[in-house]
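In: Fold the following, please.
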Amino acid sequence: MARKPILEGGKRDEIIDTAMELFFEHGYEATSVRMIMGKVGGEIGMFYHYFKSKDMLFDQVVDRFFLNYQKSFETLISGCDTPEEFADRFLPVYSRSMDEFGRIRENMHWSIQLSMYSRTLTALLPVIEEIVKRWDIQTVTPTAMLARQLLYGLSGTLHCPVFEDMDQEDKKRSILDLIYRLIG
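Out: From the prediction side, this is the model:
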């Protein structure tokens, strides 16, 4: 018997939201389908009506978490024609994002933090590639490679404890120094 198409919303969304809460609190490995469905108030069979596996559910949880994040970042950089405009727009968004993440990170298992970090980079890569194309950088380095160098360099900068202690102007100079070193 063929499965009925799964509609968005309803119990499916409740399962995703509950899983997100439990994954953040306990980690992926320590959260069982039984725990999720117990909190939702449904049977295990209902879970498998909506999802083929816990892995599939986890992907949906991460997708939901990053959808708004990626959209806001795309909007942020849509008009950044120079590295200076990028730094000016990026720093306030970065500060807000770190504040929000700090609130949910408190109960978040390390495995979920690592997954979120990895997914952040994956979500931002196409946006950074678009910036590199827009800036029309003259280099022998392929755009995809330069975008990765920029993204991972920014990530290393942003996650350095020294960066956190800098004032806004020094943070901006640090970001611009990295960008200009890469794009020459």
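
In: Got the domain ranges for this structure?
Out: 10-58, 65-183 (automatic domain parsing).

In: Let's have those in JSON lines, adding mean neighbour count and mean pLDDT.
Out: Quick note: C-beta positions are derived from backbone N, CA and C, even for glycine. Below are the domains of the chain laid out as JSON lines (neighbours: other CB atoms under 10 Å; pLDDT from 0 to 100):
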{"stretch": "domain 10-58", "mean neighbour count": "16", "mean pLDDT": "92"}
{"stretch": "domain 65-183", "mean neighbour count": "15", "mean pLDDT": "85"}
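
In: Just say helix, strand or coil for the residue positioned nearest the centre of the chain.
Out: Centroid-nearest residue in the chain, with CA atoms, centre = their mean: residue 120, separated by 2.8 Å. Look at residue 120: counting by DSSP: H, G, I helix; E, B strand; the rest coil, its state is helix.

In: That one: what's it in contact with?
Out: 66, 69 (CB atoms under 8 Å, 6 or more residues apart in numbering).

In: Roughly how far does it sit from residue 177?
Out: When distance is defined by CB to CB, to the nearest Å, residue 120 is 22 Å away from residue 177.

In: coming back round to it: separation between the residue nearest to the centre of the chain and residue 131?
Out: For residue 120, the distance to residue 131 - CB to CB - is 16 Å.

In: before we move on, what about residue 44?
Out: 45 Å.

In: what helices or strands is the helix or strand where residue 153 lies leaning on?
Out: Under the criterion of DSSP states H and E, residue 153 resides in helix 143-158. Here helix 143-158 is seen to pack against helix 110-134, helix 168-183 when contacts are counted using 3 or more CB pairs under 8 Å, 6 or more residues apart in numbering; DSSP states H and E.

In: and if we set it to 10 Å?
Out: Packing partners of helix 143-158 (3 or more CB pairs under 10 Å, 6 or more residues apart in numbering; DSSP states H and E): helix 83-105, helix 110-134, helix 161-164, helix 168-183.

In: Alpha carbons of it, in CSV - could you do that?
Out: C-alpha atoms of helix 143-158 as CSV (Å, rounded to 0.1, in the frame of the first residue of the first chain):
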residue,chain,number,x,y,z
THR,A,143,35.6,31.5,-7.0
ALA,A,144,34.5,28.4,-5.2
MET,A,145,37.9,28.1,-3.5
LEU,A,146,38.2,31.7,-2.7
ALA,A,147,34.7,31.7,-1.1
ARG,A,148,35.7,28.8,1.1
GLN,A,149,38.9,30.5,2.1
LEU,A,150,36.9,33.6,3.0
LEU,A,151,34.2,31.7,4.8
TYR,A,152,36.6,29.5,6.9
GLY,A,153,38.9,32.5,7.6
LEU,A,154,35.9,34.5,8.8
SER,A,155,34.8,31.6,10.9
GLY,A,156,38.2,31.2,12.5
THR,A,157,38.3,34.9,13.2
LEU,A,158,34.8,35.1,14.7
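
In: Right, I'll call it a day here.
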